[in-house]
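Engineer: dropping the sequence and predicted coords here.
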Amino acid sequence: MMQAYYDIAHCYIMELKYVHPMVSDAEVEGKSREADGQLKRYSMDKVAGRLCAGTRLHLLKVVFRGAEMVVCEELVE
């Protein structure tokens, strides 16, 4: 399959989540796991596969508790 942009070596899918400032750590962890599942599904999409062909795909998740960023990770498969 041909790469959409020949000079791009990396592609990114980012999932952003927000939870209320007063939620528990367990609820933050739940949102983080939810983001993992969504990122995995997005990465298996045919369109994403076509657009990212020939590149290294990075799956990134960020979870905010209010204005505080509490999770910022790359999902490693």
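Structural biologist: Received, thanks.
Engineer: now for the protein, the helix or strand with the poorest mean pLDDT.
Structural biologist: Least confident helix or strand, the chain: helix 46-51 with a mean of 90, by mean pLDDT, DSSP states H and E.
Engineer: which other residues reach the next helix or strand after that helix?
Structural biologist: Using DSSP states H and E, the helix or strand that follows helix 46-51 towards the C-terminus is strand 56-65. Outside strand 56-65, the residues within contact range by C-beta atoms under 8 Å, 6 or more residues apart in numbering are 9-21, 23, 28, 31-32, 35-36, 39-40, 42-43, 48, 69-75, 77. Any C-beta I mention is one placed from the backbone N, CA and C, and that applies to glycine too.
Engineer: and for stretch 37-51?
Structural biologist: Outside stretch 37-51, the residues touching it (C-beta under 8 Å, 6+ apart) are 1, 4, 11, 13, 15, 57, 59-61, 75, 77.
Engineer: run through this structure and note the low-pLDDT ranges.
Structural biologist: Low-confidence regions of the chain, defined by pLDDT under 70, span residues 1-5.
Engineer: where along it do the strands fall?
Structural biologist: Under the criterion DSSP state E, the chain contains strands at 10-19, 56-65, 68-75.
Engineer: turn those into a markdown table, including mean neighbour count.
Structural biologist: Formatted as a markdown table, the strands of the chain follow (neighbours: other C-beta atoms under 10 Å):
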| stretch | mean neighbour count |
| --- | --- |
| strand 10-19 | 15 |
| strand 56-65 | 18 |
| strand 68-75 | 12 |
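Engineer: list the contacts for residue 77?
Structural biologist: By C-beta under 8 Å, 6+ apart, the residues touching residue 77 are 40, 59.
Engineer: in the longest helix that the chain contains, what counts as buried?
Structural biologist: In the chain, taking DSSP state H as the definition, the longest helix is helix 25-43. Using 16 or more other C-beta atoms under 10 Å as the test for burial, helix 25-43 gives 28, 31-32, 35, 39, 43.
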